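Enquirer: Give the three-dimensional model of this entry:
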Amino acid sequence: MNNPYAVLGVQPEASLQEIEAAYRRVALERPYQDGTWRELRDAYDVLRDPEQRARYDLGLHEVEVERKQSRNPIDRLFPNLPHGWRVAIDWVVTIAGAVAIVLAIKAWVVNPYRIPSSSMEPTLHCARPTSGCEAGTSDRVLANRFIYRFRDPRRGEIVVFNTPHLALQECNAEGTFVKRMIGLPGEVWEEREGFVYINGKKLNEPYIQPGRRDTQTLGLMDIPPHHTYTRIPKNYYLMMGDNRNSSCDSRRWGLVPRKNLIGKVFATYWPPGRISFH
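Expert: Next comes the predicted model:
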């Protein structure tokens with residue numbers, strides 16, 4: 001039913017005498033039409049009866065309270081929008097918001113990555129039939145993309161980073177790599193017969209299996225750009241794979257600038273049997 005106060009042209013606080021006077025006035029002003037007169041009579045019947053009027057006023061009050069208390073911005077912006085349209089717009093806004101959140105999380109917080117090669121075996125598996133891979137399904141890992149905004153990288157962390165330019169030439173691959181951080185700024189790195197030394201001290205590397213070591217002996221002067229560094233420069237890092245005898249890493253394409261670091265790998269989430277934290 002239409003708002004009886006609006007039909008008679010009176011305020012909600014109008015007295016019974018004002019309602020009767022408004023009814024007579026509107027009845028004289030309106031031309032006779034069955035629908036119009038029925039609406040007018042219904043409005044008058046509601047407002048002249050104290051019980052009906054009280055029930056109507058109570059319902060009107062509840063609707064107004066619900067509108068005022070609604071936290072849905074669509075209800076606030078479009079209070080008279082038909083229910084079907086409101087539901088449709090609500091779904092569109094919800095889906096768009098969810099997509100925006102996912103994209104924001106991928107861009108700034110956490111992003112998934114697939115392990116494509118055997119350079120991190122057996123810590124992280126790649127999938128057969130790629131050479132050296134031990135699993136039928138590649139590990140999927142999650143990288144924390146914001147952690148290095150708040151602290152410096154640490155030795156031993158598994159890191160996702162954008163490849164240096166030489167990686168395409170040396171490894172026939174580009175884009176993003178996943179390796180372990182070994183050398184930090186200001187340090188002297190060496191490899192002697194497959195074992196890593198930092199500032200002359202042998203590095204304990206429990207993540208390297210004996211059969212995965214190589215037999216190389218080289219230092220910073222031997223990695224690109226050759227005969228350049230005696231210490232790792234500020235904001236540069238040396239990366240190595242855990243599968244040392246099958247890893248195309250800093251020994252072949254050089255150091256990684258901090259600006260290339262994407263984030264720290266903190267978990268393997270797929271396949272289910274490989275779920276773990278790093």
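Enquirer: and Tyr229, how far is that from Gly186?
Expert: Distance check for Tyr229 against Gly186: by Cβ to Cβ, to the nearest Å, it reads 11 Å. In this view, the C-beta of every residue, glycine as well, is placed from N, C-alpha and C.
Enquirer: From Lys179, how far out is Thr36?
Expert: 82 Å.
Enquirer: now do Asp139
Expert: 14 Å.
Enquirer: Between Thr36 and Lys179, which is the more surrounded one?
Expert: Using other Cβ atoms under 10 Å, the more surrounded residue of Thr36 and Lys179 is Lys179, with 25 against 14.
Enquirer: Surely the more buried one is within a strand?
Expert: Yes. Per DSSP: H, G, I helix; E, B strand; the rest coil, Lys179 lies within a strand segment.
Enquirer: residues contacting it?
Expert: Contacts for Lys179 (Cβ atoms under 8 Å, 6 or more residues apart in numbering) come out as 119-120, 158-159, 161, 239-241, 247, 249-250.
Enquirer: if we go to 6 Å?
Expert: By Cβ atoms under 6 Å, 6 or more residues apart in numbering, the residues touching Lys179 are 239, 241, 249.
Enquirer: Who's the closest spatial neighbour of the first one, skipping the chain neighbours?
Expert: Across the structure, with Cβ to Cβ, 6 or more residues apart in numbering as the measure, the residue nearest Met239 apart from its sequence neighbours is Lys179 (3.8 Å).
Enquirer: Give me the neighbour count for the nearest residue to Gly194 once chain neighbours are set aside.
Expert: Nearest residue to Gly194, sequence neighbours excluded (Cβ to Cβ, 6+ apart): Arg213, at 3.8 Å. Using other Cβ under 10 Å, Arg213 has 17 neighbouring residues.
Enquirer: next one: Tyr237
Expert: 26.
Enquirer: What helix or strand is it located in?
Expert: strand 236-240 (DSSP states H and E).
Enquirer: Can you point out the buried residues in whichever helix or strand comes after that strand?
Expert: Using DSSP H and E, the helix or strand that follows strand 236-240 towards the C-terminus is helix 250-253. Neighbour counts over helix 250-253 (16 or more other Cβ atoms under 10 Å) mark 250-251, 253 as buried.
Enquirer: Mind putting those into a markdown table with distance to Glu190 and pLDDT?
Expert: Compiled in a markdown table, the buried residues of helix 250-253 are given as follows (distance: Cβ to Cβ, whole Å; pLDDT from 0 to 100):
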| residue | distance to Glu190 | pLDDT |
| --- | --- | --- |
| Ser250 | 13 | 97 |
| Arg251 | 11 | 97 |
| Trp253 | 18 | 96 |
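Enquirer: shaky segments in the stretch 101-250 of the chain?
Expert: Applying pLDDT under 70 to the stretch 101-250 of the chain flags the ranges 101-109.
Enquirer: if we go to 80?
Expert: 101-110 (pLDDT under 80).
Enquirer: quick one, strands of it?
Expert: 110-114, 140-144, 158-162, 176-183, 189-192, 195-198, 201-202, 218-219, 236-240 (DSSP state E, counting those that start in this stretch).
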